[in-house]
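S.K.: Compute the structure for the input listed below.
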Amino acid sequence: MTLFTPTQRSLRLQSSPLRELLKYCERPGMLSMAGGLPAPESFPVQALRAAADRVLRDTPTAALQYGPSEGLAGLRDWVANHLRGAGMTVSADQVLITSGSQQGLDLVGKVLAEEGAPLAVEAPTYLGALQAFSPYGPRFAEIACDADGPLPGDVADLAQRAPGCRLAYLLPNFQNPTGRLIAEARRDQIVAAAARIGLPIVEDNPYGELWYDAPPPAPLAARWPEGCVYLGSFSKVLAPGLRLGYVVAPPELHTRLLYARQAADLHSSSLAQHIVLALLQQGMLGTQLDALRARYRISRDAMQAALLRELPPGCTWQAPQGGMFFWLTLPVGLDARALLAPALRAGFAFVPGAEFFVGAAQAVSPDECSGSTKPSTTDPTVGSDGQGRLGIDPARTVRLSFVTLAPAQIDDAVHRLGQLLCQRLADAGGTSSTLLPMAEPQFEPSNERSIEQPRSQVVETTAEVITQPLSATALAA
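M.R.: Numbering: from 1, shown residues only. Below is the predicted model:
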């Protein structure tokens with residue numbers, strides 16, 4: 001018997017399946033295409049060390065003291081200036097520095113999500129956003145998407161199928177998990193549809209600076225500043241351990257977010273803010289971004305080439321123009337979740353795409369008899385009928401991250417993935433491809449049970465691909 005009774009709200013909190021998966025990815029020799037982590041080799045360690053020395057020498061008291069809840073004034077000024085360069089109309093008074101953009105999502109949920117009221121998200125969407133919003137009890141309304149992003153007509157239809165919708169949460173740039181970019185014309189259409197029905201937009205942009213072919217179009221918030229909340233982060237461009245992000249909101253909403261923030265943790269780390277500001281004032285971000293783009297472009301192109309070479313027919317994907325992820329659709333009859341255990345035994349990891357759909361974010365309710373928790377019988381979705389309306393079978397989708405592996409490791413990991421898929425298709429009688437001589441595996445056998453391989457044959461790996469053609473320069477990088 002326990003003296004503590006969790007609230008209904010706290011029972012909606014669940015461990016992230018991605019965080020659980022990362023435990024397996026720490027095994028020696030594991031080739032992880034799972035975590036959405038920046039490459040640790042890319043962290044500007046020397047620049048951070050020099051900035052920290054300078055801060056602790058010149059302004060130690062301010063850096064180690066409590067600070068304003070809004071954030072360091074100089075850092076807020078820098079963010080406002082940076083966003084104005086991207087086309088937004090914003091003042092420093094609208095900027096709230098947060099402990100990572102994940103805290104920004106929690107504050108948005110705390111202030112705007114309402115128990116039982118609809119809240120719209122893309123299908124699929126960022127799992128961390130579902131986790132941040134779920135404790136506040138919204139009913140999620142999924143927005144159907146295609147390769148170019150949310151369908152404007154489906155956004156407009158929210159007025160009928162999800163009346164009273166509180167907001168639409170969107171990731172326009174190199175979305176997690178799909179990697180897709182919303183084009184200029186589609187952005188105009190989405191904003192017009194949302195404005196027409198009075199639907200606020202929460203625009204999350206952690207990956208916008210990580211473009212490899214061309215910069216993304218101007219933010220949604222640049223097109224409708226009074227109707228958008230904008231979230232950004234330093235995690236993907238500097239280092240996630242700094243835990244610094246920001247929220248930009250219209251003045252009346254900024255005040256509510258500030259009050260919620262004060263109640264949560266007073267303010268973000270003063271020391272981290274001073275160090276980051278010192279780096280930014282030196283102008284080192286441009287150099288850092290150039291290095292990141294060059295490094296990640298090579299990895300993106302390596303994964304694209306490996307997928308073309310290794311995957312069986314029936315696999316489809318879209319080569320991302322930026323960000324960290326490829327999004328695969330597997331052949332009919334395969335279930336990504338069922339493939340994860342044998343993949344881990346074979347020494348590689350990926351994330352099943354079903355985790356990024358609302359249906360995977362199970363609500364829970366108290367079991368009044370036992371005091372335990374169980375899945376809620378209340379459907380947490382609005383107007384979602386799975387594959388029928390959305391045109392997607394979540395079970396067949398996979399997210400692959402390409403930024404933490406070297407090109408040779410990407411080749412190895414995708415080779416193992418292709419072997420697993422070919423094996424499962426062969427077991428199901430789902431392949432009729434020509435059989436070719438098999439090359440010797442290019443990886444060392446792990447201590448785990450490896451994928452069973454045909455002795456002298458391999459399935460041809462011509463795949464159907466939805467992609468933008470890469471330039472010769474990009475392919476040679």
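S.K.: Below-threshold pLDDT in the stretch 51-200 of the chain: ranges please.
M.R.: Along the stretch 51-200 of the chain, no part satisfies pLDDT under 70.
S.K.: Tell me which stretches of it form helices.
M.R.: Along the stretch 51-200 of the chain, counting by DSSP state H, counting those that start in this stretch, helices occupy 60-64, 73-85, 101-112, 127-133, 152-156, 158-161, 184-197.
S.K.: List just the one of the ones you listed that sits closest to residue 420.
M.R.: For residue 420, the closest of those is helix 127-133, at 23.4 Å, according to CB to CB. Glycine gets a C-beta too; all of them are placed from N, C-alpha and C.
S.K.: Which neighbouring elements make contact with that closest one?
M.R.: Secondary-structure packing of helix 127-133 (3 or more CB pairs under 8 Å, 6 or more residues apart in numbering; DSSP states H and E): helix 101-112, strand 118-122.
S.K.: Out of those, which one sits most buried?
M.R.: strand 118-122 (a mean of 27; mean count of other CB atoms under 10 Å).
S.K.: what's in contact with that one?
M.R.: 113, 129-130, 133, 138-143, 145, 149-150, 155, 158, 162-171, 175, 199, 358, 382 (CB atoms under 8 Å, 6 or more residues apart in numbering).
S.K.: Are any of those buried, and if so which?
M.R.: 113, 129-130, 133, 138-143, 145, 149-150, 155, 158, 162, 165-171, 175, 199, 358, 382 (16 or more other CB atoms under 10 Å).
S.K.: Now do the buried residues in stretch 221-238.
M.R.: Applying 16+ other CB under 10 Å to stretch 221-238 flags 221-225, 227-238 as buried.
S.K.: check contacts around residue 413.
M.R.: Contacts of residue 413 by CB under 8 Å, 6+ apart are 31, 33, 306, 348, 405.
S.K.: neighbours around the nearest residue to it once chain neighbours are set aside, how many?
M.R.: Nearest residue to residue 413 in three dimensions, chain neighbours excluded: residue 31, at 3.9 Å (CB to CB, 6 or more residues apart in numbering). Other residues near residue 31 come to 25 when the count uses other CB atoms under 10 Å.
S.K.: Now residue 65. Nearest residue, chain neighbours left out?
M.R.: For residue 65, ignoring the flanking residues on the chain, the nearest one in space by CB to CB, 6+ apart is residue 270 at 6.2 Å.
S.K.: Check whether that neighbour really touches residue 67, as I assumed.
M.R.: Yes - using CB atoms under 8 Å, residue 270 is in contact with residue 67, at 4.2 Å.
S.K.: The longest helix along the chain packs against which elements?
M.R.: Counting by DSSP state H, the longest helix found in the chain is helix 284-310. Helices and strands touching helix 284-310, as assessed by 3+ CB pairs under 8 Å, 6+ apart, comprise strand 325-329, helix 407-427, helix 472-476.
S.K.: cutoff 7 Å now
M.R.: helix 407-427, helix 472-476 (3 or more CB pairs under 7 Å, 6 or more residues apart in numbering; DSSP states H and E).
S.K.: Next, the buried residues of it.
M.R.: So, applying 16+ other CB under 10 Å, buried residues of helix 284-310: 284-285, 288, 292-293, 296-308, 310.
S.K.: now the angle from it to strand 325-329?
M.R.: 30 degrees (axes from the mean of the first three to the mean of the last three CA atoms, to 10 degrees).
S.K.: Quick check: the residue nearest to residue 223 when sequence neighbours are not counted vs residue 279, distance?
M.R.: Residue nearest to residue 223 in three dimensions, not counting chain neighbours: residue 191, with 4.6 Å by CB to CB, 6+ apart. Distance from residue 191 to residue 279, counting by CB to CB, to the nearest Å: 33 Å.
S.K.: before we move on, back to that, list the contacts for the residue nearest to residue 223?
M.R.: Shown in contact with residue 191 (CB atoms under 7 Å, 6 or more residues apart in numbering): 220, 223-224.
S.K.: Contacts made by stretch 260-274 with the rest, please.
M.R.: Residues contacting stretch 260-274 (CB under 7 Å, 6+ apart): 55, 59, 62-69, 71-72, 75, 96-99, 107, 110-111, 242-244.
S.K.: what's the burial count for the closest residue to residue 299 other than its chain neighbours?
M.R.: Nearest residue to residue 299, sequence neighbours excluded (CB to CB, 6+ apart): residue 402, at 4.6 Å. Neighbour count for residue 402, taken as other CB under 10 Å: 28.
S.K.: so is the residue lying closest to residue 78 once chain neighbours are set aside in a helix, a strand, or just coil?
M.R.: Leaving aside its chain neighbours, residue 78 sits nearest to residue 280 (5.2 Å; criterion: CB to CB, 6+ apart). Using DSSP: H, G, I helix; E, B strand; the rest coil, the structure places residue 280 in helix.
S.K.: In contact with residue 395, which residues are there?
M.R.: 335-337, 354.
S.K.: which one of the residues you listed has the most neighbours?
M.R.: Going by other CB under 10 Å, residue 336 tops these with 22 neighbours.
S.K.: Hmm, it is touching residue 351, no?
M.R.: No - the criterion here is CB atoms under 7 Å, and residue 336 misses it with residue 351 at 8.4 Å.
S.K.: returning to that earlier point: against residue 227, how distant is the residue nearest to residue 78?
M.R.: 29 Å.
S.K.: And the pLDDT for residue 7?
M.R.: Residue 7 is assigned 85 on the pLDDT scale.
S.K.: Give me the neighbour count for it.
M.R.: 10.
S.K.: so of the buried ones among the contacts of strand 118-122, which ones are in strands?
M.R.: Taking DSSP state E as the definition of strands, the buried ones among the contacts of strand 118-122 contribute 139-143, 145, 149-150, 168-170, 382.
S.K.: Mind checking what secondary structure the nearest residue to residue 33 once chain neighbours are set aside has?
M.R.: Leaving aside its chain neighbours, residue 33 sits nearest to residue 400 (4.4 Å; criterion: CB to CB, 6+ apart). State at residue 400, reduced to three classes by three-state DSSP: strand.
S.K.: surely residue 400 meets residue 350?
M.R.: Yes - assessed by CB under 7 Å, residue 400 is found in contact with residue 350 at 5.5 Å.
S.K.: Overlap in contacts, these two.
M.R.: residue 33.
S.K.: Could you find the closest non-adjacent residue to residue 222?
M.R.: residue 87 (3.9 Å).
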